[in-house]
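# Starting from these lines, generate the structure:
(2 chains)
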Amino acid sequence: MQPLRLTLMALAPLAGMAHAQTDGWPTYHGDHTGRRHSELVEITPDNVHTLALAWAFQTNLAQQVKATPIVVDGIVYLSAPDNLWAIDALSGRQIWRYQHPANDAFHIGHRGVAVHGRSVFLSTPDAHLLSFDRFSGALNWNVEIADSSRGYWATNAPLVIRDHVIVGVSGDFDNLPGILRSFDAATGAAKWTFYSTPPAGTRDSLAGGATGGQMWMTGTYDPELDLLYVGTGNPTPVLNGGSRPGDNKWTCSIVALDPDTGEQKWGFQVSPHDTHDWDAAEVPVLVDARIDGAPRRLLLQASRNGYYVVLDRVTGDNLLTTPFAAVNWSLGVDAKGQPIPNPDKEPARDGRLVAPDEVGATNYRAPSFDPATELLIVSAADAYGVYFYKPEHGEYGWAGADYTVHSRGELRALDFRSGEVRWRHDLYGAAGAAGVLTTASGLTFTGDSANSALALRTSDGTTLWHAGIGRVGNSPVTYELDGRQYVLIGGGSGLYAFALPELR
Amino acid sequence: MRSRAPFHLIVPGTAAVVLLVASLAGAQPPRSEESPAARPVPPSATPQNYVPELVAAGRTRFAASCGFCHGPDATGGSGGTDLTRSELVAADVQGDRIGAVVRAGRPEAGMPAFPALAAADLATIVAFVQDQRAKAEGAVGGRRSVEVADVLTGDARAGRRYFEANCARCHSASGDLAGVASRLEGLALLRRMLYPTGAGNVPARRPTAIVTTRAGETATGEVAFRDEFTIAVIDADGRYRSWRTDRVTVAVDDPLGAHVEQLARYTDAAMHDVLAYLHTLR
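As a prediction, the model looks like this:
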């Protein structure tokens, strides 16, 4: 497929588009666009080398901090499975903490919370959604998103649109329909459910018998189109594709939904008939640009299957599909811009060597879009795995076996118009866990796969600062408080706030 | 060649150490770390009984902390191995092996450490895993199983030609790989052929580095750690030494780099041919 014909036209932000955040980090992605780009400019490429610790918060959990901290009105909300802390953004002091009752759902990670008015919303491993008074920590309500005894669990950071708290779940080890639900922010009353695969007990010709397609990552939103964009997960059974013929829509897809009803407006399937666990749950990043002189509303995704896609987010039409990491599983791209899976790379009895591996060419770690350089900065990996399936593996849950052979992580800066890699930064290890933050001063914050938080020059990827705080497991955020800019980065089981030294 | 065992396998007086010494090329991990899904469930070291209450409590604890990767039933999940087919689990008595791995984790393989796990909680996890393992002993065709015959679909003669053209610069059928198929087979041999990792997915052969300081001093050794900012080696005297990478010149020799390059070149047919050839080296 040809590179996107958008060359030499300047980016032109459209009037009324949700503007980038300034003083806080009020939502999972910072704003509705998913760009994770801040307008704060106190910390610059010239002074970032003096960045120093302002405070540190220890969760005292064995688990790594994986959540994006949400920062509103001087309070940081940090989550982990079964845990929520409200932390003073000035000092790192705990204001209150909620601990959910012990439960046997997966505690694999937690992405973050949502804040709306006086409320903070938390999903829990046992697939409940809780609302708290965000100042006192008092529980407002507690509702079930899905039945965890059937194999659902939740890690999702909810997205609030008007009075809708929109939240997804996970569930790869059981054949469960993919659901995204809306609850009333004030009362917790269920408002709608979107099914990416048919509800239990029903079948449709689109899904071809597949279940799955869980929407476990937070979507993005265009307020002018009033459309919610979300990526859907892989089909189940996961590795056994023979039991679910066809494309298995709408798994491994980007879908546009009406936030008031959950009605689907369009869909684009990034991985038709996936048999490798490559969900398309990665962040749908919203960017506006001029094409042939006309403003276009675009949606960018660096997807787990190794392809970078650009869509028109009004219609869902594909404008570009091109690999950004090692890919050996497709026969090319069809007229609709969808990769064509090579049947010889489906899991087989004797094993197939496939790139990427199950962990993917990228994953939950969020990318960032920098408008000045027009770069989408992605934590990528060139990774290989061997995939097995035989009829004895059955038709339920994973239904097969796969093993990562080798993975090498690299931060890649993609020209968003062509997908070409403008620079690469070695992450010194396998696929990274850290997401990316860019700032208007020309800085990129992230972490490597070894031991360090990093600040890079966005234009060329040069390292300007680092701190050995342990492996970064979340996406850094930034906020301003009392005229001082802070950068929050998770290292190991702690959360670290960095700022410039204060002059006396 | 000097071999260093990963820390969590240094269990004095156990079979693991014996296997380590007897391993391939002197740097290979014990077979207990090799793709347990390729083999039938190994027999228990000691018949073990755990009370149902402990097993039930362990099911909850295991599901919450371990189930995503190892599967809620311990037979393998997203990335983690089938514990019911693990020789380490088979050799475990009351958590003496499992405990060390759980507490230290396997960072290179993505397994987190649980250093603060209470002994009582660990006991429930061990009880559940051992109970699942005992049940799997009687089962046929595990959910994640890959049998030796499954992967032997290649042409050994074609594999030999491929080997001689692509692998013989570093390997020899009569040298380092002599008898390899009597030590490893099936999936275990396939994974080791593609990228030789040892316990915890640490490369079976670590790179070596020559570090030269500005004063002209040089140190040579096995790379203990290397990132953008730090290089650390174990020198000839067994000492750990580290330097800032911006203060020294580092020359690294990674003998496994050729395996990574080869991954992009293999066809599935060539991969299976080479595996079939290696299977003839008994």
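# Next, residue B:162: secondary structure please.
Under DSSP: H, G, I helix; E, B strand; the rest coil, the three-state class of residue B:162 is helix.
# Could you pull up the contacting residues of it?
B:270, B:273-274, B:277 (Cβ atoms under 8 Å, 6 or more residues apart in numbering or on different chains). Where C-beta positions appear, they are placed from N, C-alpha and C, glycine not excepted.
# Could you list which of the residues you listed belong to helices?
B:270, B:273-274, B:277 (DSSP state H).
# Between those residues, which sits nearest chain A?
The nearest member of the ones in helices among the contacts of residue B:162 to chain A, counting by Cβ to the nearest Cβ, is residue B:270 at 9.5 Å.
# Contacts only, for that closest one.
The contact partners of residue B:270, by Cβ under 8 Å, 6+ apart, come to B:158-159, B:162.
# Including pLDDT, could those go into TSV?
Formatted as TSV, these follow (pLDDT from 0 to 100):
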residue	pLDDT
B:158	98
B:159	98
B:162	98
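# quick one on the thing from earlier: tabulate the ones in helices among the contacts of residue B:162 in TSV, adding columns for pLDDT.
TSV is the format used below for the ones in helices among the contacts of residue B:162 (pLDDT from 0 to 100):
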residue	pLDDT
B:270	98
B:273	98
B:274	98
B:277	98
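# Closest one to residue A:343 out of these, please.
Distance to residue A:343, by Cβ to Cβ, is smallest for residue B:270 among those, at 18.7 Å.
# what does the domain assignment say about chain B?
If you go by automatic domain parsing, the domain ranges for chain B are B:36-137, B:148-201+B:258-278, B:208-254.
# Give me the number of neighbouring residues for whichever residue of the stretch 101-250 of chain B sits closest to chain A.
For the stretch 101-250 of chain B, the residue closest to chain A is residue B:227, as judged by Cβ to the nearest Cβ, at 3.7 Å. Residues lying near residue B:227 (other Cβ atoms under 10 Å in any protein chain shown) number 19.
# For the stretch 351-500 of chain A, which segments are assigned as helices?
For the stretch 351-500 of chain A, applying DSSP state H, counting those that start in this stretch gives no helices.
# Within range of chain B, give me the residues from it.
Counting by Cβ under 8 Å from any Cβ of the partner chain, the stretch 351-500 of chain A comes close to chain B at A:351-353, A:355, A:358-359, A:384, A:386, A:388, A:390, A:392-394, A:397-401, A:403-406, A:408, A:426, A:428-430, A:448, A:450-452, A:463, A:466, A:468.
# shaky segments in chain A?
A:1-22, A:504 (pLDDT under 70).
# ugh, wrong one, I meant the stretch 1-150 of chain B
Residue ranges of the stretch 1-150 of chain B with pLDDT under 70: B:1-48, B:107-110, B:137-143.
# how about the residues of it near chain A?
Residues of the stretch 1-150 of chain B lying near chain A (Cβ under 8 Å from any Cβ): B:35, B:37, B:59-61, B:63-65, B:67-69, B:71-72, B:76-79, B:108, B:110, B:112-117, B:141, B:143-146, B:150.
# let's see it at 6 Å
Taking Cβ under 6 Å from any Cβ of the partner chain as the test, the list of the stretch 1-150 of chain B residues beside chain A reads B:37, B:60, B:63-65, B:67-68, B:72, B:114, B:116, B:141, B:144, B:146, B:150.
# ok, back up a step: phi, psi for the closest residue to the residue of the stretch 101-250 of chain B closest to chain A other than its chain neighbours please.
Spatially, and ignoring its direct neighbours in sequence, residue B:227 is nearest to residue A:450 (3.7 Å; Cβ to Cβ, 6 or more residues apart in numbering or on different chains). Torsion angles at residue A:450 (phi, psi; degrees, to the nearest 10) stand at phi -100, psi -80.
# check contacts around residue A:450.
Taking Cβ atoms under 6 Å, 6 or more residues apart in numbering or on different chains, we find residue A:450 in contact with A:428-429, B:227.
# Which ones among those residues lie within strands?
Among the contacts of residue A:450, no member is found in strands (DSSP state E).
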